[in-house]
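**Student:** whatever this is, show me its structure:
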Amino acid sequence: MALTDDVKQKIQQAYRDVLAGKEVRARYGQRLMIAEIARYMGEITESDGLRTSPPSACVVEAGTGTGKTLAYLIAAIPVAKALGKTLVISTATVALQDQIVLKDLPDLRKHSKLDFTWTLAKGRGRYLCMSRLEARLHDEGHGDSDTMPLFLLDQPIDDEARSRATFENMLASYGSREWDGDRDHWPEQIPDEIWRQVTTDHRQCTNRHCAYFDSCAFFDARKDLDDADVVVANHDLVLADLALGGGAILPEPENALFIFDEAHHLPDKALNHFAASVPLNSTRQWLKQLSQALVKMQPWLPAGSQASKAVEKMSLAGRDLDLALARVYEEVEQNTGWDFNEERRSAQWRYPEGALPEVLAELAGETRIATAGLCRHLGSLVDELQSAFDERKDPELDRDTADSWYPVIGAFHARAEDQLRLWVSWSEGQPSLEADDAKQEPSPAASVARKSPPAARWAVRQRWDHAEDITLYSSPVLADNLLYSRLWSRAYGAVLTSATLTALGRFDRLRSRAGLPEASRYLVVPSSFRYAEMATVEVPAMGALPTDDGFADALVQRLPELWAGEKATLVLFTSRRQMQQVRDALAPNFPELILTQDDMAKNEVLRTHCLRVDDGKPSVLFGVASFAEGIDLPGRYLHHVVITRLPFSVPDDPIEASLAEWVTQRGGNPFMEITVPDASVKLVQAVGRLLRTEQDTGRVTILDRRIVARRYGQLLLDALPPFRRVIEH
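**Tutor:** Take a look at the predicted model:
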């Protein structure tokens, strides 16, 4: 559809109305972004509601102060409505999700004449499950109840009374409608071990067969999903939906226009999503729990029923799997060159090029068969339990038995399926096998797939006081094929935006990591900040480089001079250990000054910092990676950002190491192709903490002299915003 005059008119009028209503002036970068997104969406061709043009994405880098949320909402809502598509806005963080739902969308509707509806989509695990809450309160202190307690799978909680009080509060607040059952809306943070007991997943939920279906927080939140013009989700939920085939939770990709805000997180989120792991000893413990559950369950099943037969087969399958896991454990423990880090009490081993030793590959294949068998029998038991909910059938099991056992067996089934993903990955695509196949003529599909590196495979061995375990891992190294096949090739259209999408001034890194289609278009929106007038970037003389032993001592000596006379300083470290070492050395001489990221919850640390500044006291924040990206301290709350060390990634990350190995094999230079561009993105994000509004001023100090002493340093420096530079020689 070419953009019609009517849609153009709606977009222009909405922008004028919002500017007038909010009494703000138009920003050049924002206008540019609105035009680019509207043009991109208008150029997608369709027939019978389906995209007929080649897959493409619109990628817009827009820095702080552009007003990008408003830009993409104003551009995309009228176009999506005209096309009859759902607009899916996906963020990486809950904070941005809440801002869009609670502030940006209401603001737009209030100030413009655009008529649209929206809803928030979150995964089931963010909502209270009333059935589990009720069972939790009912089961307290009744471990020997007749039917299988729902909480066989949960970790015991140290403070039983405290958790019971929390559960009773939840019940009262939900019953009186003071709380909507959304974990993020509970007044204080709910610890994971408590929340896990009162939420559920799609494997354990009986849907409309549940007694609480009509008052279910999750399904209440979902009611608006089918009718909403705009659905606000997050990257994890979009990826979970795609893993289920697309259209299971969110609209089908073919009927959606996606906007990925904080899009620089998408490739890493996709890798996490398609990674798999199995802790070997813990899994054997879990098999014992399964076997105990089956013993307790057997008396409730009619003799000779399908369910009873499935339980018998499962007992055998569980024993087979236990033996297979024991063999894998023994092989990995004895025939791996473990190098223990005594401080962490762990050792890691990565299999070069993802190639497993022959014996281990064979054992992985056997374990895959055993796990698949267990999965199959668990699946048939789940089906039998589910059929008991259907009044039209004549089920072999009674409804009460199904109610008690469905969530338990569903949880076992989900976990078995997760384990199967690891074994499938470990026993498929062995590089040595592919080398033999290479003698034959490859198919076009195979040659495309081969452009990507083989999966990373590694093992981690951990020791505790009374136990030890080995966990096996597998992960794709690049998310390009996954995102292309599941998302870009299917979506009607997609916009990616963030303040940091380029690395060293180019989009190449994002293009390769996210597998963006050939026909995609790219734009860097000029910033409205007058960087050279607002801030300086300073590189002082230092007695040591970060690679020298004396660097921590040099930091201890230098930092007090840097924060002297400043009201609000943020010092960023690349290692927690170094942050704590420097803090321990400095804190006694500077009481009530230094706050570290680990002192309390993130929001509490930031609140304490702001209160100190409001009281006229100086405050120095020490933080690591998540403070280099996820915090917003405008105006007087931050005037000086100190970067202690260039943010090169840790060399022991197995996925990064596998990628570097692959680049080397192809004749590339992993340091210049991966490490430096990655560091550039992180450095730009860290520096981005300083200027949050057009009124802000301040300085950035970089204490890592490699930025001026090494050839690559100039590239990193040039990729920063054009601050005034002050470099000591």
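**Student:** okay, Arg350: pLDDT?
**Tutor:** Looking at Arg350, its pLDDT stands at 95.
**Student:** with adjacent residues omitted, what lies nearest to the most centrally placed residue in the chain?
**Tutor:** Most central residue of the chain, judged by C-alpha distance to the mean C-alpha position with Cα atoms, centre = their mean, is Lys269 at 4.4 Å. In this structure, Lys269 finds its nearest non-sequential neighbour in His235, 4.4 Å apart by Cβ to Cβ, 6 or more residues apart in numbering. (C-beta placed from N, C-alpha, C; glycine too.)
**Student:** list the contacts of the residue nearest to the centre of the chain.
**Tutor:** Residues near Lys269 by Cβ atoms under 8 Å, 6 or more residues apart in numbering: Ala92, His235, Asp236, Leu239.
**Student:** tell me the one of those residues nearest His209?
**Tutor:** Checking the contacts of Lys269 against His209 with Cβ to Cβ, the nearest one is Asp236 at 27.1 Å.
**Student:** what's the nearest residue to the closest one if we skip its chain neighbours?
**Tutor:** Nearest residue to Asp236, sequence neighbours excluded (Cβ to Cβ, 6+ apart): Lys269, at 6.3 Å.
**Student:** ok so the one you found is a helix residue?
**Tutor:** Yes - Lys269 forms part of a helix when assessed by DSSP: H, G, I helix; E, B strand; the rest coil.
**Student:** roughly how far apart are it and Leu237?
**Tutor:** Counting by Cβ to Cβ, to the nearest Å, the separation of Lys269 from Leu237 is 10 Å.
**Student:** for the stretch 101-250 of the chain, give me the ranges with low pLDDT.
**Tutor:** In the predicted model of the stretch 101-250 of the chain, residues 139-161 satisfy pLDDT under 70.
**Student:** ignore what I typed, I meant the chain.
**Tutor:** Using pLDDT under 70 as the threshold, the predicted model of the chain has low-confidence ranges 1-2, 139-161, 391-394, 429-450.
**Student:** mind running it again at 50?
**Tutor:** When residues are selected by pLDDT under 50, those of the chain lie in 141-158, 431-450.
**Student:** domain assignment for it?
**Tutor:** The domain map for the chain lists 5-121+225-272+481-525, 125-216, 278-458, 531-727, with the assignment taken from automatic domain parsing.
**Student:** how about the strands in the stretch 151-300 of the chain?
**Tutor:** Per DSSP state E, counting those that start in this stretch, the stretch 151-300 of the chain has strands spanning 230-234, 256-260, 276-279. These are given in chain order.
**Student:** actually the stretch 551-700 of the chain, sorry about that
**Tutor:** Counting by DSSP E, counting those that start in this stretch, the segments of the stretch 551-700 of the chain that form strands are 568-572, 594-596, 619-623, 640-643, 698-702.
**Student:** between the ones you listed, which gets nearest to Asp227?
**Tutor:** The stretch from those with the least distance to Asp227 (Cβ to Cβ) is strand 619-623; that distance is 42.5 Å.
**Student:** chain center to the closest one: distance?
**Tutor:** In terms of Cα atoms, centre = their mean, to the nearest Å, the gap separating the centre of strand 619-623 from the centre of its chain is 26 Å.
**Student:** cool, stretch 536-544 as well?
**Tutor:** Worked out by Cα atoms, centre = their mean, stretch 536-544 lies 35 Å from the chain centre.
**Student:** CSV for the strands of the stretch 151-300 of the chain, including distance to Thr644 and mean neighbour count?
**Tutor:** Formatted as CSV, the entries for those read as follows, by distance: least, Cβ to Cβ, whole Å; neighbours: other Cβ atoms under 10 Å:
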stretch, distance to Thr644, mean neighbour count
strand 230-234, 31, 25
strand 256-260, 32, 26
strand 276-279, 32, 18
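**Student:** how close does Ala491 get to Glu23?
**Tutor:** Applying Cβ to Cβ, one obtains 37 Å for the distance of Ala491 from Glu23.
**Student:** higher neighbour count, the two?
**Tutor:** Applying other Cβ atoms under 10 Å to Ala491 and Glu23 shows that Ala491 carries more neighbours, namely 24 against 6.
**Student:** wait, Asp652 touches Gln348, no?
**Tutor:** Yes - with contacts counted by Cβ atoms under 8 Å, Asp652 reaches Gln348, the gap being 6.5 Å.
**Student:** with neighbour numbers in mind, choose between those two.
**Tutor:** Neighbours were counted for Asp652 and for Gln348 using other Cβ under 10 Å; Gln348 has more, 20 against 11.
**Student:** got the phi/psi numbers for the more buried one?
**Tutor:** Backbone geometry at Gln348, expressed as degrees, to the nearest 10, gives phi -130, psi 140.
**Student:** grab the nearest non-local neighbour of it.
**Tutor:** Nearest-residue entry for Gln348: Val460, 5.0 Å, with adjacent residues in sequence omitted and distances by Cβ to Cβ, 6+ apart.
**Student:** just to revisit the earlier point, reformat the strands of the stretch 551-700 of the chain as TSV; add distance to Pro251 and mean neighbour count.
**Tutor:** Putting the strands of the stretch 551-700 of the chain into TSV (distance: least, Cβ to Cβ, whole Å; neighbours: other Cβ under 10 Å) gives the following:
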stretch	distance to Pro251	mean neighbour count
strand 568-572	40	25
strand 594-596	43	20
strand 619-623	38	25
strand 640-643	41	24
strand 698-702	43	23
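**Student:** quick one: Asp469 is in a strand?
**Tutor:** Yes - with three-state DSSP as the criterion, Asp469 is part of a strand.
**Student:** still on that earlier bit, in CSV: the strands of the stretch 551-700 of the chain, plus distance to Pro721.
**Tutor:** Output for the strands of the stretch 551-700 of the chain, formatted as CSV (distance: least, Cβ to Cβ, whole Å):
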stretch, distance to Pro721
strand 568-572, 16
strand 594-596, 27
strand 619-623, 20
strand 640-643, 12
strand 698-702, 9
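**Student:** so which of those strands gets nearest Ala541?
**Tutor:** With Cβ to Cβ as the measure, strand 698-702 is the member of those nearest Ala541 (11.8 Å).
**Student:** follow-up on the earlier one: number of residues surrounding the residue nearest to Gln348?
**Tutor:** Quick note: Val460 (other Cβ under 10 Å) scores 18 neighbours.
**Student:** name the SS class of it, please.
**Tutor:** Of the three states, Val460 takes strand according to three-state DSSP.
**Student:** that one reaches Arg345, doesn't it?
**Tutor:** No - counting by Cβ under 8 Å, Val460 sits too far from Arg345 to count as a contact (11.1 Å).
**Student:** what segments of the stretch 301-450 of the chain are helices?
**Tutor:** Along the stretch 301-450 of the chain, the segments classed as helices by DSSP state H, counting those that start in this stretch run 306-334, 358-387, 399-427, 431-437, 444-450.
**Student:** adding mean neighbour count, write these out as a markdown table.
**Tutor:** Supplementary listing: the helices of the stretch 301-450 of the chain in a markdown table, determined by neighbours: other Cβ atoms under 10 Å:
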| stretch | mean neighbour count |
| --- | --- |
| helix 306-334 | 18 |
| helix 358-387 | 19 |
| helix 399-427 | 21 |
| helix 431-437 | 12 |
| helix 444-450 | 11 |
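**Student:** adding distance to Thr199, write these out as a markdown table.
**Tutor:** Listed next are these as a markdown table, based on distance: least, Cβ to Cβ, whole Å:
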| stretch | distance to Thr199 |
| --- | --- |
| helix 306-334 | 26 |
| helix 358-387 | 19 |
| helix 399-427 | 11 |
| helix 431-437 | 40 |
| helix 444-450 | 37 |
